[in-house]
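*Asks:* got a structure for you, letters missing:
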């Protein structure tokens, strides 16, 4: 992988981190997650697991959210297409994907991710749902920026093959 792609991924991460606060404040202020900071101690105490295992599980969660972003957006685009064609809208695949990720966020006590995923589970406004996906990714990047960078880098390598 060349340095230009690494720099591009790093720039993307930094831009998303800069825009995270603005995105959350403009669209999700009512969820009270803009200033949220994850506290691993809560998960350690409630789950009875050691910090290393929880750190690993958090990294898995961040990678999964970033990898699932395209699936979330594809489901929303399909819903939008069906809406434009006046077809019945089936939110099931979108909600199943949100539910899968919501279970992990709940178990690890990741409150901002949990709240955004709950919005994905119940809302039907497609433009709002797209903003939810962006917010979910932003929250994941904010949680573990290095892991997010490494995930995007691996995804980029796979796309080049």
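*Replies:* Received it, and whenever you're ready, just let me know what you need. All values reported here derive from a predicted model rather than from experimental measurement. Numbers count the residues shown, from 1 in each chain.
*Asks:* C-alpha only now, for contacts and for neighbours.
*Replies:* OK.
*Asks:* And the helix or strand of the chain with the lowest mean pLDDT, how far out from the chain middle?
*Replies:* The weakest-scoring helix or strand in the chain, judged by mean pLDDT, DSSP states H and E, is helix 3-28 (a mean of 77). From the chain centre to the centre of helix 3-28 is a distance of 13 Å (C-alpha atoms, centre = their mean, to the nearest Å).
*Asks:* next structured bit after that helix?
*Replies:* Downstream of helix 3-28, the first helix or strand assigned by DSSP states H and E is helix 40-47.
*Asks:* who's in contact with residue 51?
*Replies:* Neighbouring residues of residue 51 by C-alpha atoms under 8 Å, 6 or more residues apart in numbering: 40, 44.
*Asks:* got a pLDDT number for it?
*Replies:* Looking at residue 51, its pLDDT stands at 94.
*Asks:* Pull out the buried positions in the helix or strand containing residue 68.
*Replies:* If you go by DSSP H and E, residue 68 is part of helix 51-84. Within helix 51-84, the residues that count as buried by 16 or more other C-alpha atoms under 10 Å are 54, 58-59, 61-68, 72-73, 75-76, 79-80.
*Asks:* quick revisit: tell me what the least confident helix or strand of the chain is packed against?
*Replies:* Secondary structure elements in contact with helix 3-28, counted by 3 or more C-alpha pairs under 8 Å, 6 or more residues apart in numbering; DSSP states H and E, are helix 126-143, helix 145-160.
*Asks:* weakest of these in terms of mean pLDDT?
*Replies:* helix 145-160 (a mean of 85).
*Asks:* and the direction of the one helix or strand residue 114 maps to versus that of helix 126-143, what angle?
*Replies:* In the assignment (DSSP H and E), residue 114 maps to helix 111-122. Here the directions of helix 111-122 and helix 126-143 differ by 160 degrees (axes from the mean of the first three to the mean of the last three C-alpha atoms, to 10 degrees).
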